[in-house]
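Asks: fold the following and give me the result.
(2 chains)
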2 protein chains.
Amino acid sequence: MPEPVNLAEKLGLVKEPWKPAIVGEVNDAYVKVAKFQGAFTWHHHEHEDELFLVVKGTLTIRFRDGDRVLGPGEFIVVPRGVEHCPVAEEEVHAVLIEPKGTLNTGNVREARTRDTLERM
Amino acid sequence: MPEPVNLAEKLGLVKEPWKPAIVGEVNDAYVKVAKFQGAFTWHHHEHEDELFLVVKGTLTIRFRDGDRVLGPGEFIVVPRGVEHCPVAEEEVHAVLIEPKGTLNTGNVREARTRDTLERM
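Replies: Residues are numbered from 1 along each chain as shown, chains lettered A, B, ... in the order given. The predicted structure follows:
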C-alpha cells in the first residue's frame, strides 16, 4: 500500500551529484531525487519530456536560446528533443519526473551516464 | 520554449478548494495545483496512478486500511484502483501529477466533479 515519501529525507541519502535515485513511480514515469553541482553535459532526450522541480538551491538550465533560472518551489518541463544543460554553481537538490526509460545524459554517453539507478 | 513555473505563485491564483488548475504538462500527464479544505469524496481512478505532493499544510489521505498523513515536501502515489479520500482539516496547497484524462472524483460524480480544468 502507498506510503508518504519525504523528499528532504531521501535527498539526505544522495551522496553523489548527477546520480539520480528512484523514490517513486507514477504511471509510466519514475520520480527521482538528485543533487547537482557544477555543469552537466549538453544533451537532449529523443522521446521524453523531463520535469525538474527545485527543492533547494538555484538551478540554471541552459538552452540554446538562453538560460532559465529556477529557485526552490519552481519547476520546468524540458520538452523532448530540446537541448539543455543543467548548471548548479552551488549544490542544488531537485526532483525529476520522467519516463522510466530515460537516461540521465540523453543522447550523450560520458563518465556521468547512469545506466542503472538506485532505489531509495 | 520552456519557462519556469513558480508553484506558490500559481497556488495564489487558485480561489476555490477541490478545483485543480493545470500548470504544466509532461509526457502524457498534467501537472496541476490545487487547494484542499475539508473532506473530499471516497473514489478511485480505474486506470491512473495519482501523485500528490504537499506544498503547504497537512494532508490526510484516507485509505480503506488506514490514514496516511503528509506534510510539506512529502508526496504519495495512489495506485490505480485504490480507493482513497483526501481530507484537509486546514487548507492544504498541493501539486498533482496524473494522466491527462484523469477526473478529480474518479469513478464518482458529485458537485465537485470537474470535467474541464482551467490552465494557469
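
Asks: let me see the contact set for the one residue sitting closest to the centre of chain A.
Replies: The centroid of chain A falls nearest to A:L96 when counting by Cα atoms, centre = their mean (4.2 Å). Residues touching A:L96, when contacts are defined by Cβ atoms under 8 Å, 6 or more residues apart in numbering or on different chains, comprise A:20, A:30-34, A:50-53. For every residue, glycine as well, the C-beta is placed using N, CA and C.

Asks: so which of the residues you listed also contact chain B?
Replies: The subset of the contacts of A:L96 lying close to chain B, counting by Cβ under 8 Å from any Cβ of the partner chain, consists of A:31, A:50-51.

Asks: where are the low-confidence patches of chain A?
Replies: Residues of chain A that meet the criterion pLDDT under 70 are absent altogether.

Asks: nearest to B:E118 among the contacts of A:L96?
Replies: A:L51 (20.3 Å; Cβ to Cβ).

Asks: who does the one helix or strand that closest one maps to pair up with?
Replies: Counting by DSSP states H and E, the secondary-structure element that holds A:L51 is strand A:50-56. In the sheet, strand A:50-56 lines up against strand A:74-78 (antiparallel), strand A:84-99 (antiparallel) (DSSP bridges).

Asks: buried sites along the last one?
Replies: I take that to be strand A:84-99. Buried residues in strand A:84-99, defined by neighbour count with 16 or more other Cβ atoms under 10 Å in any protein chain shown: A:84, A:86-88, A:92-99.

Asks: close to chain B: what parts of chain A are there?
Replies: For chain A, the residues in contact with chain B (Cβ under 8 Å from any Cβ) are A:1-8, A:24-29, A:31, A:48-51, A:55, A:63, A:65, A:68-70, A:73-79, A:82, A:97-99.

Asks: quick one, which of those are buried?
Replies: Using 16+ other Cβ under 10 Å as the threshold, A:2, A:4-5, A:7, A:24-27, A:29, A:31, A:48-51, A:55, A:63, A:68, A:70, A:73-79, A:82, A:97-99 are the buried ones among the residues of chain A next to chain B.

Asks: which strand or helix spans A:V31?
Replies: Counting by DSSP H and E, the element that carries A:V31 is strand A:29-39.

Asks: quick one, that strand and strand B:84-99 angle?
Replies: For the pair strand A:29-39 and strand B:84-99, the angle between their directions (axes from the mean of the first three to the mean of the last three Cα atoms, to 10 degrees) equals 60 degrees.

Asks: C-alpha coordinates for strand A:29-39, CSV please?
Replies: The C-alpha trace of strand A:29-39 is given here as CSV (Å, rounded to 0.1, in the frame of the first residue of the first chain):
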residue,chain,number,x,y,z
ALA,A,29,7.3,7.6,-15.0
TYR,A,30,9.8,7.5,-12.2
VAL,A,31,10.0,10.1,-9.5
LYS,A,32,13.7,10.7,-8.8
VAL,A,33,15.7,12.8,-6.5
ALA,A,34,19.1,14.2,-7.4
LYS,A,35,21.8,16.6,-6.3
PHE,A,36,23.5,18.8,-8.9
GLN,A,37,26.8,20.6,-8.6
GLY,A,38,28.8,22.1,-11.3
ALA,A,39,28.0,22.0,-15.0
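
Asks: which SSE is A:K10 in?
Replies: Remark: A:K10 resides in helix A:7-12, with elements defined by DSSP H and E.

Asks: and the next element down the chain from that helix?
Replies: strand A:21-26.

Asks: helices or strands next to that next one in the packing?
Replies: Taking 3 or more Cβ pairs under 8 Å, 6 or more residues apart in numbering or on different chains; DSSP states H and E as the contact definition, the neighbouring helices and strands of strand A:21-26 are helix A:7-12, strand A:29-39, strand A:118-119, strand B:50-56, strand B:74-78.
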